[in-house]
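Engineer: I would like to see how this sequence folds:
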Amino acid sequence: MTEGFQLAACAEMLWQDRPIAWRAAKLHEMGFGVGLWNWPAWDIDALERTGADFTIMNGYLEGRLADDEGADMLLKSALETVQIGKRLGVDRLNLHGTGLGDGGIPIWQHDVTTGAMWLKARDTLNRVCDLAESHDVVFTLENLNQLDHPGCPFGSTADVLALVSQIDRPQLRINLDLYHTQIGEGDLIRWCEKCLPWIGEVQVADNPGRFEPGTGEVNYKAVAEALHRMGYAGPVALEAFAKGEEEAALEAFRAAFTL
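Structural biologist: Numbering: from 1, shown residues only. Here you go, the predicted structure:
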């Protein structure tokens, strides 16, 4: 048995009664990289001391892609977040079409994405790439499903692929979240094939429930084998809650993505 991927897990969704540094250290001890969401909630000094490999973190605190005011807000908060990301050695800084509020509800909701919004989003993401190039960091753009995140502009897998592939700069990759793709589009393996040249990270959770592989309808072993056949050997992260014990959930995830 050989492990074909760089495995990580979102610390904020596991052991939620424990301090974040404890969670990061535990994941590191178990051989996983560590994903984070919003850094202002956490003790950055304590996280640094864990020695963990921080694989991804939200790359902004506020803002949005498709209007002037939102773009300026996003760039300002991205610059601030870059500094924290570099302290922790974060591999990728993650973006969405708009900031998310309580319960993941988009702060700026749009049912229709206009041509002007597309042009502005491309301009904003090119500005993000310029920032990333000057600081030697990488951003990702994540797809989100409309059931959990209604009205999120540029949330679909198709929209994220269109933006990232059109911009086609190494500073911007796709955070391909297959939990969201399963709810929004399905057809996971073919979406992996379409996105492959631009994937920066693959995130997984089973559906329904957003728990670890093996708890729902997705055949993640088949997805893992398909990714391996495509030649993908990059990061795969569990962004899921544990249905039972966290250690068991992580081992189920490891088993699904060990070839």
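Engineer: identify the bridge partners of the residue nearest in space to the middle of the chain.
Structural biologist: The residue lying closest to the centre of the chain (CA atoms, centre = their mean) is N175, at 4.7 Å. Counting by DSSP bridges, N175 forms beta bridges with E142, E201.
Engineer: and the gap between C152 and L75?
Structural biologist: With the distance defined as CB to CB, to the nearest Å, C152 ends up 19 Å from L75. (Glycine included, C-beta is placed from N, CA and C.)
Engineer: who has more neighbours, those two?
Structural biologist: C152 (27 against 16; other CB atoms under 10 Å).
Engineer: please name the nearest non-neighbouring residue to that one.
Structural biologist: Closest residue to C152 in three dimensions, ignoring its sequence neighbours and counting by CB to CB, 6 or more residues apart in numbering: P106, at 4.2 Å.
Engineer: contact partners for the one you found?
Structural biologist: For P106, the contacting residues are 96-100, 149-153, 155, by CB atoms under 8 Å, 6 or more residues apart in numbering.
Engineer: just the buried ones from those, in PyMOL syntax?
Structural biologist: Buried subset of the contacts of P106, written as a PyMOL selection, criterion 16 or more other CB atoms under 10 Å:
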select buried, resi 96+97+98+99+100+149+151+152+153+155
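Engineer: let me see the ranges of the helices in this structure.
Structural biologist: In the chain, the helices defined using DSSP state H lie at 20-29, 44-49, 68-88, 115-135, 157-167, 178-184, 188-195, 220-230, 246-256.
Engineer: most tightly surrounded among these?
Structural biologist: helix 178-184 (a mean of 24; mean count of other CB atoms under 10 Å).
Engineer: kindly export it (C-alpha atoms) in CSV.
Structural biologist: Extracted C-alpha coordinates of helix 178-184, given in CSV (Å, rounded to 0.1, in the frame of the first residue of the first chain):
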residue,chain,number,x,y,z
LEU,A,178,-16.0,17.6,-4.0
TYR,A,179,-18.6,17.8,-1.2
HIS,A,180,-19.9,21.0,-2.8
THR,A,181,-19.5,19.5,-6.3
GLN,A,182,-21.5,16.5,-5.3
ILE,A,183,-24.4,18.6,-4.1
GLY,A,184,-24.2,21.2,-6.9
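Engineer: pLDDT on it, on average?
Structural biologist: Mean pLDDT, helix 178-184: 98.
Engineer: which stretches of the stretch 1-150 of the chain have low pLDDT?
Structural biologist: Scanning the stretch 1-150 of the chain for pLDDT under 70 picks out 1-3.
Engineer: so what's A8 bridging to?
Structural biologist: According to DSSP bridges, the residues that bridge with A8 are G33, A237.
Engineer: enumerate every residue touching it.
Structural biologist: 27, 32-35, 53, 55-56, 235-238.
Engineer: and what of T98?
Structural biologist: Counting by CB under 8 Å, 6+ apart, T98 makes contact with 63-66, 70, 106-109, 152-153.
Engineer: restricted to strands, list those.
Structural biologist: Counting by DSSP state E, no part of the contacts of T98 is found in strands.
Engineer: tabulate the residues you listed (CSV), appending distance to T258.
Structural biologist: Output for the contacts of T98, formatted as CSV (distance: CB to CB, whole Å):
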residue, distance to T258
G63, 38
R64, 38
L65, 36
A66, 40
G70, 41
P106, 36
I107, 39
W108, 40
Q109, 40
C152, 33
P153, 37
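Engineer: ok, which pair from those is furthest apart?
Structural biologist: G63 and Q109 (14.8 Å; CB to CB).
Engineer: who has more neighbours out of these two?
Structural biologist: G63 (23 against 12).
Engineer: check the offset of stretch 234-244 from the chain's centre.
Structural biologist: From the chain centre to the centre of stretch 234-244 is a distance of 11 Å (CA atoms, centre = their mean, to the nearest Å).
Engineer: pull out the buried positions in it.
Structural biologist: Buried positions in stretch 234-244, judged by neighbour count with 16+ other CB under 10 Å: 234-243.
Engineer: want to throw these into a markdown table with distance to V128?
Structural biologist: Shown next, in a markdown table, are those (distance: CB to CB, whole Å):
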| residue | distance to V128 |
| --- | --- |
| G234 | 20 |
| P235 | 20 |
| V236 | 24 |
| A237 | 21 |
| L238 | 26 |
| E239 | 22 |
| A240 | 27 |
| F241 | 30 |
| A242 | 33 |
| K243 | 36 |
